[in-house]
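Novice: Build me a structure from this.
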Amino acid sequence: MTPAELSRTVLGALRHAVAAGEVSAVPGEVLGRVTVAVPRPGGYGDYACNVALVAAGPARVGALALAALLRERLRHDPRLADIRVTGPGFLNFALADPATYERDLVAEAGRPGDALAGLSVTLRPCDARAEVLAEALVRIARAQGGDLHVDHRHGEPLRAAPPYERTAPLDPESRRWALLHTAPADRPRLDAPLLVQRVENPLFLVRYAHSRARALVRNAADLGYGPRAGDSGPHAAPLLALLAEQPAVLRRAVEHRAPDRLARRLVRVAGALLDFHDRTGGLLPLGGLKPQAAHRARLALAEAAGTVLAGGLTLLGVSAPLYV
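Specialist: Below is the predicted model of the structure:
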């Protein structure tokens, strides 16, 4: 985890605390003074952050209390081995070993979670497109431990902008993807680009990346080895970050009644997986070389990404066919 990634993680925890009503809102200009740096003498771990000292006043809470609150919100992040509060309210972080972090992340990829445990909501779709959104939200919520139902007479009203007039004969899944990939307030286009079998088509990109991940595992099996999670190297960082954020993406998709957040995240995961493949020169050993630990770790990461892509498409009600 880089200082920039840690800063985004810490500020994200603060914003969630604000959204939950645990502290008062903090102006953006105040957050701009938050820093992440190597601890000074007497500090602890790999990095220290002054967020609690900077934000305590606007948040209307003591610095030590705010630091403890943020520590509680961050302590389950697998990228962090330990978090301590030092001095007047500095947060000090010890990073997890990259191989351990990656093994844990790969093991959890695509598994049902409990990010929405305790949630109980009834939605009342108010139009035809909202029906499609509600169906997807029910699946996403239940995959994260929530209880979400659809009732056409009672419940929270759910509305969505209608699509533009259809200009191409779309198959049902391409149409469904268009309705879900577009933000509820925007009008989706149901036109010919959704039928193009190239990576410029977001649905094709997601399905193609899933197919590539499955093909890599099959090809590795033909070479006599399989995936084994470990340290995939520096090129894996963008993909790892996206996979680590997946539970939060699912939670926000339900909280904001916006399944497009999941659809757009799948597009980013697909792009990161293909970029990871290209930057490493292909994930399989070349020229008859024997597979090394890095090859096995990269294969495990690709398999985990493929699992997340297939699972995300399933939650949206779209299939994940194999193209390669």
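
Novice: count of neighbours near A65?
Specialist: 15 (other Cβ atoms under 10 Å). From N, CA and C alone the C-beta is placed, and that goes for glycine too.

Novice: can you tell me the helix or strand for it?
Specialist: Applying DSSP states H and E as the criterion places A65 in helix 63-74.

Novice: what is the rounded mean pLDDT of that helix?
Specialist: The predicted model assigns helix 63-74 a mean pLDDT of 93.

Novice: So what touches it?
Specialist: 9-10, 13-14, 16-17, 22-23, 51-53, 55-56, 59, 61, 80, 83-85, 88-91 (Cβ atoms under 8 Å, 6 or more residues apart in numbering).

Novice: Isn't V138 up against D147?
Specialist: No. Counting by Cβ atoms under 8 Å, V138 does not reach D147; the two are 9.6 Å apart.

Novice: And R79, how far from R251?
Specialist: Here the criterion is Cβ to Cβ, to the nearest Å. By it, R79 lies 18 Å from R251.

Novice: If you could redo that for A221, that was the one I meant.
Specialist: As judged by Cβ to Cβ, A221 and R251 stand 35 Å apart.

Novice: for R33, same thing?
Specialist: The gap separating R33 from R251 is 29 Å, by Cβ to Cβ.

Novice: before we move on, what about N50?
Specialist: Note on N50: its distance to R251, by Cβ to Cβ, is 28 Å.

Novice: hang on, the earlier thing: if you compare the directions of the helix or strand just after the helix holding A65 and helix 63-74, what angle comes out?
Specialist: Where DSSP H and E defines the elements, the next helix or strand beyond helix 63-74 is strand 80-86. Relative orientation of strand 80-86 versus helix 63-74 (axes from the mean of the first three to the mean of the last three Cα atoms, to 10 degrees): 170 degrees.

Novice: What residues sit buried inside strand 80-86?
Specialist: When burial is assessed from 16 or more other Cβ atoms under 10 Å, strand 80-86 yields the following buried residues: 80, 83-86.

Novice: cool, and stretch 45-64?
Specialist: Neighbour counts over stretch 45-64 (16+ other Cβ under 10 Å) mark 45-56, 59, 61, 63 as buried.

Novice: In strands, which of these fall?
Specialist: Counting by DSSP state E, the buried residues of stretch 45-64 place 47-49 in strands.

Novice: where does the stretch 151-300 of the chain have low pLDDT?
Specialist: Residue ranges of the stretch 151-300 of the chain with pLDDT under 70: 287-288.

Novice: Which parts of it are helices?
Specialist: Listed in chain order, the helices of the stretch 151-300 of the chain (DSSP state H, counting those that start in this stretch) span residues 172-181, 202-222, 237-244, 246-255, 260-279, 293-315.

Novice: Let me know which of those is tucked in deepest.
Specialist: helix 293-315 (a mean of 23; mean count of other Cβ atoms under 10 Å).

Novice: list the contacts for the residue nearest to D191 when sequence neighbours are not counted?
Specialist: Nearest residue to D191, sequence neighbours excluded (Cβ to Cβ, 6 or more residues apart in numbering): T167, at 4.5 Å. By Cβ under 8 Å, 6+ apart, the residues touching T167 are 189-192.

Novice: who's D82 bridged to?
Specialist: A94 (DSSP bridges).

Novice: distance of the residue nearest to L313 when sequence neighbours are not counted from R73?
Specialist: Nearest non-adjacent residue to L313, counting by Cβ to Cβ, 6+ apart: A320, 4.7 Å away. For A320, the distance to R73 equals 33 Å [Cβ to Cβ].

Novice: Return the residues in contact with A94.
Specialist: When contacts are counted by Cβ under 8 Å, 6+ apart, A94 touches 44-46, 80-83.

Novice: who wins for proximity to R129 among the helices of the stretch 151-300 of the chain?
Specialist: helix 172-181 (5.5 Å; Cβ to Cβ).

Novice: and the angle for the closest one with helix 202-222?
Specialist: Going by the same axes, to 10 degrees, helix 172-181 makes 110 degrees with helix 202-222.

Novice: For helix 172-181, give me every contacting residue.
Specialist: 129, 132-133, 136, 160, 163, 170, 188-190, 194-195, 202-203, 259-260, 263-264, 267, 316-319.

Novice: If anything else comes up later, I'll come back, but that's it for now.
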